[in-house]
Structure formats: C-alpha cells, structure tokens
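Q: mind folding the following:
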Amino acid sequence: FVVHYQPIVELKTCRILGAEALVRWQHPVRGLLAPIDFLSVAIECGLAEKIEEFVLRRACQQLRRWQNAYPATPELAISVNVSAGALGRRELVQRVSKCLEEVQVDPACLILEVTENVVLQDLHGTIAAFDALQRAGVHVAIDNVGTGYTSLAYLRRLPIDILKIARPLVAELGDPTSSGELAATVVRHGEALRLA
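A: Numbers count the residues shown, from 1 in each chain. A predicted model of the protein is given here:
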C-alpha cells in the first residue's frame, strides 16, 4: 500500500492549507488500484483496521516532515478518511492520540473524514465518537455532503467542524447551464452552523 496526497488549497489566496491522504494499492500486475477496487475485500479479510492505521501513521509522519520543511501559520493539516468500523471501535481516540503523540503532530492539524452515509449507520455512536475526537483536539469532517443520505437537519446535531460538498454538486459549478444552487445551499447551511 502507498499513500498519495491531494492538496487542500484556499481558493482566495491559492495557499496550500494541507492535504488529504489517499491510500492506493500498488498491485504487482494491475498497477495502482483505488480503494474502490480493494477495500471491500480488505474488510471481508479483516484487514481494514490495519490499512487505516497504516494510512493514519504514514499521513501523520508525512505531515510532520512538511511542517518541519514548510513552517506556516496556521500549520499545515492532514485529512484522513475513517470508516464506519473505525468509528465503532472504542479505542479509536486512544489510537489516534497515541499516533499523534509519537509523531509529534498537534491534534488540531488532523482532520478525520467520514462519509455522509456512515453517519446514519449509527447516529448516536457517531455523535459519541465525534465528540470524543473533538475533545482530543482532532477536527472532524463530513465528506460527500449533499449526496442525499443525510438531511441537513442531522448536521445540526453532529459535533463536526467541516463540510465537504459532494463532487457532483461542485461539478455543477463549472456548468454554465446549472445554477449551482445545491452547492450554494450546503455552503449557506454550513455557514449558519459555523462550519468550514
């Protein structure tokens, strides 16, 4: 497995704020594979937790190197995806905190992302997990907002920091025949909830 990084850029200033860690499998025959091509099998084989730990540690180590090489205010951040299974494990906060301490990364520089559909699988458990992560200083983001799984009303109940608008809604912004109103609605709702 290898971790690739997609930069997170502030559009107004073109300043790099950090990156999102994306796991890939360097298959010996099929080449570089995205999670959609191997994650379901990894879950069936009980390897998902090990892959997530690998990505978290690698991403935090890379972040530490970037922060040392490119000091900034605020410090660069790293975003890492978390599965429903990880949210359900009680030791998630301890594992994350231990990794951050060992790699010497400020918890405020870590953003854990959960897809919108994961939230509804166990709303009460998700709220408890998000609350514990925030108390540990880690930021929480909901990814793919606007894909139809979660009503915006649920977002009000969640202890989160960031909304990531679903790609199809953002893609509409570049279409001259589209009003982009769905993305604008998510932005307005996020602003009303004081979310990034």
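
Q: going forward, measure contacts between C-alpha atoms and count neighbours the same way
A: Will do.

Q: next one: phi and psi at Val145?
A: phi -70, psi 130 (degrees, to the nearest 10).

Q: that one: how many residues sit nearby?
A: 23 (other C-alpha atoms under 10 Å).

Q: just grab the bridge partners of it for me.
A: Ile165 (DSSP bridges).

Q: give me the pLDDT for Glu75.
A: For Glu75, the model assigns a pLDDT of 93.

Q: hmm, who's touching the longest strand anywhere in the chain?
A: If each strand of the chain is counted by residues according to DSSP state E, the longest one is strand 15-27. Strand 15-27 has contacts (C-alpha atoms under 8 Å, 6 or more residues apart in numbering) with 1-10, 31-35, 38, 55, 59, 75-81.

Q: which ChimeraX command selects the buried ones in these?
A: A single ChimeraX command selects the buried members of those (16 or more other C-alpha atoms under 10 Å):
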select :3,8,55,59,75,76,77,78,79,80,81
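
Q: nearest the geometric middle of this protein, what residue?
A: Glu113 (2.3 Å; C-alpha atoms, centre = their mean).

Q: mind checking the SS state of that one?
A: Using DSSP: H, G, I helix; E, B strand; the rest coil, the structure places Glu113 in strand.

Q: how close does it get to Pro176?
A: 31 Å (C-alpha to C-alpha, to the nearest Å).

Q: quick one on the thing from earlier: which neighbours does the longest strand of the chain have in its sheet, and in what orientation?
A: Assessed with DSSP bridges, strand 15-27 is paired to strand 2-10 (antiparallel), strand 31-33 (antiparallel), strand 77-81 (parallel).

Q: how far does it sit from the chain's center?
A: Offset of strand 15-27 from its chain centre (C-alpha atoms, centre = their mean, to the nearest Å): 11 Å.

Q: stretch 108-125 now?
A: On C-alpha atoms, centre = their mean, the centre of stretch 108-125 falls 8 Å from the chain's centre.

Q: what of stretch 159-176?
A: Relative to where its chain is centred, stretch 159-176 has its mean C-alpha point 14 Å off (C-alpha atoms, centre = their mean).

Q: ok, longest helix in this protein?
A: helix 48-69 (DSSP state H).

Q: now do that one: which elements does it pack against?
A: Applying 3 or more C-alpha pairs under 8 Å, 6 or more residues apart in numbering; DSSP states H and E, we find helix 48-69 packed against strand 2-10, strand 15-27, strand 77-81, helix 92-103.

Q: nearest to Val119, of those?
A: Among those, the nearest to Val119 by C-alpha to C-alpha is strand 77-81 (13.2 Å).

Q: pull the CA atoms of the closest one into CSV?
A: In CSV, the C-alpha atoms belonging to strand 77-81 read as follows (Å, rounded to 0.1, in the frame of the first residue of the first chain):
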residue,chain,number,x,y,z
ALA,A,77,-3.1,20.0,8.2
ILE,A,78,-3.7,16.4,7.0
SER,A,79,-7.0,14.8,6.3
VAL,A,80,-7.5,11.1,6.7
ASN,A,81,-10.6,9.0,5.9
